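Undergrad: coordinates for the following, if possible.
(one chain, ligands or ions: 2)
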Amino acid sequence: MQKLQDLRVAQITRLTAPRKLKDQLPVTEAIASTVTEGRREVENILSGKDSRFLVIVGPCSIHDPAAAMEYAHRLKALRDELSEELCIIMRVYFEKPRTTIGWKGFINDPHLDGSFDIEHGLYHARKLLVDINALGLPAATEFLDPFTPQYVSDLVSWAAIGARTIESQTHRQMASGLSMPVGFKNSTDGRMQAAIDALRSAMHPHSFLGIDPDGHSSVITTTGNPFGHIVLRGGSGRPNYDAGNIAEAEERLARADLSKTIMVDCSHANSGKKHEQQAKVWNNIIGQRAGGTTSIVGVMIESNLSCGNQPFPADDPSSLEYGVSITDECISWQETEKILKQGAEKLHTARCQAEVSG
Ligand SMILES: O=C[C@H](O)[C@H](O)COP(=O)(O)O
Ligand SMILES: C=C(OP(=O)(O)O)C(=O)O
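TA: Numbers count the residues shown, from 1 in each chain. Ligands and ions are numbered 1, 2, ... in the order given. Below you'll find the predicted structure:
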């Protein structure tokens, strides 16, 4: 017989099953508390029980776990310092959806050299999440490959479905079974409706193909995720965070009978992918929130130890500059600390004034 399938498949390599990886890198009581408490904080912010402002902040992508840990130590201290006004969660992104081609993230190619050592990528992604949660700092990530959650989702307190996958039924189904709140990005062309449709779809139960903790092909039956919200990230070269766009989002959510909870991404098309623009978006959003727009529940910021980004692939991955993004531009740690402190101060003042005026 002629060969009829796998004609364009060069190799299939079996991976360690999720259960085995979890046995190798287990969750302690303290880590479980960080994850659960992080999820509860976000859920309470989304349902209005917690009036603090949610901030998902961290590198565009993880490529160097040592630099990520240095960032996490600094962010944990800032989380504690600003906890009265802000709920800070670290952005820990291991999977990068590309417009065409490019490095697809630490899980896919952890050695940054096209060797695609996914076994190593999964192990060290899980290890980093264990280490970050062990500091008492909750983590946020984007889920891209539908098998990834089985390996790491027990360590994640907030997840995103990205602009490039928001219309994908596979990702909506996946979100319906995730254990943490999920943010749905608007499409890359700037349209909000696909994110609202995704949010509605993920609220419902689904049955679909996936893997179980032993890696066996299985039917996954979910109960639906009640903690979804949209994330405005701009699109088609235009931002969508101004008061007019926020009002449009509120109106669309109300029309779909959904609660008016909106996050704004200070990066991507809202910043024109220029790191200098992220502070401008942050200041505008803090102004809107302090002015009484409570539908804006939080923001996302792309931030790293040092600002900007650097060309990748590099001829020699070991020559990469420490603490600098290899994907989108990030703001520096110094700027992150400065704008978060200023924003928390403004929110504090606004809250005190609102309390005084009854
Ligand atoms: O956040 C990262 C990027 O914006 C996303 O992965 C797309 O990047 P690309 O357009 O360079 O492929
Ligand atoms: C890819 C990302 O965002 P978006 O889906 O909005 O482009 C990201 O946040 O890394």
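Undergrad: figure out the helix or strand that A279 lives in.
TA: Counting by DSSP states H and E, the element that carries A279 is helix 275-290.
Undergrad: tell me which parts of the stretch 101-250 of the chain are close to ligand 2?
TA: Within the stretch 101-250 of the chain, the positions adjacent to ligand 2 are 142, 162-164, 185, 233 by C-beta under 6 Å from any ligand atom. (C-beta placed from N, C-alpha, C; glycine too.)
Undergrad: wait, isn't L209 in contact with I220?
TA: Yes - L209 is within contact range of I220, at 7.3 Å (criterion: C-beta atoms under 8 Å).
Undergrad: and the two? Which one has more around it.
TA: Between L209 and I220, counting by other C-beta atoms under 10 Å, I220 is the more crowded of the two (18 against 11).
Undergrad: can you pull the phi/psi pair for the more buried one?
TA: When read as degrees, to the nearest 10, the backbone of I220 gives phi -100, psi 120.
Undergrad: is the residue nearest to it when sequence neighbours are not counted part of a helix or strand, or is it coil?
TA: With sequence-adjacent residues excluded and distances taken as C-beta to C-beta, 6 or more residues apart in numbering, I220 is closest to G210, at 4.0 Å. Under the three-state scheme (DSSP: H, G, I helix; E, B strand; the rest coil), G210 adopts strand.
Undergrad: count the neighbours of G210 for me.
TA: Other residues near G210 number 20, with proximity taken as other C-beta under 10 Å.
Undergrad: surely it is in contact with S218?
TA: Yes - using C-beta under 8 Å as the test, G210 is close enough to S218 to be in contact (5.9 Å).
Undergrad: any idea where the helices of the chain begin and end?
TA: Assigned helices in the chain, in chain order: 18-24, 29-46, 65-81, 118-134, 148-152, 169-177, 193-202, 243-255, 275-290, 333-356 (criterion: DSSP state H).
Undergrad: can I get those in TSV with mean neighbour count and mean pLDDT?
TA: Formatted as TSV, the helices of the chain follow (neighbours: other C-beta atoms under 10 Å; pLDDT from 0 to 100):
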stretch	mean neighbour count	mean pLDDT
helix 18-24	16	98
helix 29-46	18	98
helix 65-81	17	98
helix 118-134	20	98
helix 148-152	23	98
helix 169-177	22	98
helix 193-202	21	97
helix 243-255	15	98
helix 275-290	20	98
helix 333-356	16	96
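Undergrad: please look at L258 and S201 and confirm they touch.
TA: No - assessed by C-beta under 8 Å, L258 is found out of contact with S201, at 11.9 Å.
Undergrad: what's the overlap in contacts for these two?
TA: The overlap between the contact sets of L258 and S201 (C-beta atoms under 8 Å, 6 or more residues apart in numbering) is empty.
Undergrad: one step back: show residues contacting the helix holding A279.
TA: Contacts of helix 275-290 (C-beta under 8 Å, 6+ apart): 53, 239, 241-243, 246, 264, 266-267, 270-271, 296, 299, 301-302, 307-309, 329-331, 335, 339, 342-343, 346-347, 349-350.
Undergrad: specify the angle between that helix and helix 243-255 in degrees.
TA: Following axes from the mean of the first three to the mean of the last three C-alpha atoms, to 10 degrees, one obtains 60 degrees for the angle between helix 275-290 and helix 243-255.
Undergrad: what about contact with ligand 2: does helix 275-290 have any residue there?
TA: No - figure legend: helix 275-290 not in contact with ligand 2 (C-beta under 6 Å from any ligand atom); closest approach 12.4 Å.
Undergrad: quick one: terminal-to-terminal distance for stretch 177-192?
TA: For stretch 177-192, the first-to-last residue distance is 23 Å (C-alpha to C-alpha, to the nearest Å).
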